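Colleague: sequence unknown, structure follows:
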Ligand code: GTP
Ligand code: MG
């Protein structure tokens with residue numbers, strides 16, 4: 001799929017104020033600083049469509065982007081960032097979970113994982129919650145460029161084994177780098193195919 005247009009629509013914490021659920025939607029979620037906003041820019045070939053930062057906790061709202069005038073990408077705040085006050089973190093968690101449960105046009109959640117790190121409980125617990133609530137998801141590993149081939153192979157194998165402790169089968173996995181654009185074609189192909197399954201409710 002070629003990206004012909006990408007525009008920011010709206011930011012909010014209230015699903016009633018999100019754009020009408022008339023087009024297929026994909027949400028990016030994961031720990032703070034994992035590279036959600038960077039991946040949105042990489043996929044859409046835009047330098048700063050989504051705001052990125054070296055400091056975790058940059059994205060704090062549900063941000064909708066309209067792509068090719070016929071599907072939505074959603075940038076969400078990261079979870080598991082300790083330096084954000086607990087009350088605020090709980091508030092984010094609440095509206096994110098509400099959004100994920102209620103958004104009728106949500107086709108798939110992209111759970112982003114930094115390929116440099118071992119499996120972490122917040123991520124595996126979150127995937128478990130998605131599974132329990134029958135919310136489709138895939139795993140998108142980020143920052144592949146930061147690892148040598150050997151370490152990359154070892155880390156991805158270790159992560160797969162960790163997932164298989166909780167799940168009978170591996171979910172669909174993507175390996176990406178916002179710096180080298182690795183995985184761009186694969187993710188856009190996936191979205192293109194999934195868009196075809198969208199049924200307007
Ligand atoms: P929050 O909005 O705070 O939750 O963070 P985020 O997940 O949106 O992360 P963001 O895209 O802002 O990226 C965080 C930092 O990681 C930035 O300094 C990015 O430049 C860097 N980064 C993101 N993706 C990659 C990647 O694939 N490779 C490398 N080398 N750096 C990356
Ligand atoms: Mg962000």
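Modeller: Yep, that arrived. The structure presented is a predicted model; accordingly, all values stated were derived computationally and were not measured. Ligands and ions are numbered 1, 2, ... in the order given.
Colleague: what is the burial count for residue 25?
Modeller: 21 (other C-beta atoms under 10 Å). C-beta here means a position set from N, CA and C on the backbone, and glycine is covered the same way.
Colleague: tell me the SS of residue 96?
Modeller: In three-state terms, and counting by DSSP: H, G, I helix; E, B strand; the rest coil, residue 96 is helix.
Colleague: now it: closest residue in space that isn't a chain neighbour?
Modeller: Nearest non-adjacent residue to residue 96, counting by C-beta to C-beta, 6 or more residues apart in numbering: residue 76, 5.9 Å away.
Colleague: one more: residue 141?
Modeller: What sits nearest to residue 141 in space, not counting adjacent residues and going by C-beta to C-beta, 6+ apart, is residue 115, at 4.2 Å.
Colleague: and the next element down the chain from the helix or strand of the chain with the lowest mean pLDDT?
Modeller: Scoring the helices and strands of the chain by mean pLDDT, DSSP states H and E places helix 86-102 at the bottom, with a mean of 85. Sequence order places strand 106-114 as the next helix or strand after helix 86-102, per DSSP states H and E.
Colleague: show me what that following strand is packed up against.
Modeller: Contacts defined by 3 or more C-beta pairs under 8 Å, 6 or more residues apart in numbering; DSSP states H and E place strand 106-114 against strand 25-30, helix 36-44, helix 121-132, strand 137-142, helix 184-195.
Colleague: rebuild these as JSON lines, extending it with distance to residue 154.
Modeller: Formatted as JSON lines, the helices and strands packed on strand 106-114 follow (distance: least, C-beta to C-beta, whole Å):
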{"stretch": "strand 25-30", "distance to residue 154": "21"}
{"stretch": "helix 36-44", "distance to residue 154": "23"}
{"stretch": "helix 121-132", "distance to residue 154": "19"}
{"stretch": "strand 137-142", "distance to residue 154": "13"}
{"stretch": "helix 184-195", "distance to residue 154": "22"}
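Colleague: minimum distance to ligand 1: which of these has it?
Modeller: helix 36-44 (3.3 Å; C-beta to the nearest ligand atom).
Colleague: can the closest one be found next to ligand 1?
Modeller: Yes - with C-beta under 6 Å from any ligand atom as the criterion, ligand 1 is reached by helix 36-44 at 36-38.
Colleague: mind listing what's buried in stretch 162-179?
Modeller: For stretch 162-179, a neighbour-count test (16 or more other C-beta atoms under 10 Å) marks 163, 174-178 as buried.
Colleague: run a quick neighbour tally on residue 117.
Modeller: Residue 117 has 13 neighbours, counted by other C-beta under 10 Å.
Colleague: any idea how far it is from residue 156?
Modeller: 12 Å (C-beta to C-beta, to the nearest Å).
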